[in-house]
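Asker: 3D model of this:
(one chain, ligands or ions: 1)
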Amino acid sequence: MPGRHKQIVCACCNRPGRHDTNGWIKACARRWRNAGRPDTGPPPPRRHRGPANRTTTKRRTEYAALAALGRSEAYIAWKLSVSERTVRRYAAAFQNSQTQQKAAA
Ligand SMILES: [Zn+2]
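Answerer: Model (predicted):
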């Protein structure tokens with residue numbers, strides 16, 4: 001006989017865990033409550049927060065260094081093994097961060 005906290009497979013993300021409410025596991029029910037209990041159910045889990053963001057941060061730093069040397073988008077895209085579209089995203093993020101730094105200064 002299982003205890004009060006039944007092991008279930010979450011209704012929103014199919015991960016196993018202890019049941020909390022609405023057929024969701026504790027982690028999902030907590031996200032749902034933190035999000036203000038939306039009708040749509042729990043927001044998706046934030047995955048791979050650390051490594052993925054570190055890679056992005058590293059690439060943006062590399063982008064900034066190459067852009068400072070006056071390299072073209074095509075060259076930077078080739079150098080960083082990303083698409084030119086991604087390079088433009090880095091450019092936008094970089095300019096955005098520069099603007100924010102100026103605003104803070
Ligand atoms: Zn879930």
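
Asker: Just list the residues touching residue 20, thanks.
Answerer: Shown in contact with residue 20 (CB atoms under 8 Å, 6 or more residues apart in numbering): 26, 28, 29, 30. Where you see a C-beta, it was placed from the backbone N, CA and C, and this is true even at glycine.

Asker: can you do 7 Å?
Answerer: Going by CB atoms under 7 Å, 6 or more residues apart in numbering, residue 20 touches 26, 29.

Asker: List the buried residues in the lowest-mean-pLDDT helix or strand in the chain.
Answerer: The helix or strand of the chain with the lowest confidence, counting by mean pLDDT, DSSP states H and E, is helix 49-68 at a mean of 81. Buried residues in helix 49-68, counted by 16 or more other CB atoms under 10 Å: 59, 60, 63, 64, 66, 67.

Asker: wait, what's in contact with residue 45?
Answerer: Per CB under 7 Å, 6+ apart, neighbours of residue 45: 13, 31.

Asker: For residue 35, see how far away it is.
Answerer: Look at residue 45 and residue 35: by CB to CB, to the nearest Å, they are 12 Å apart.
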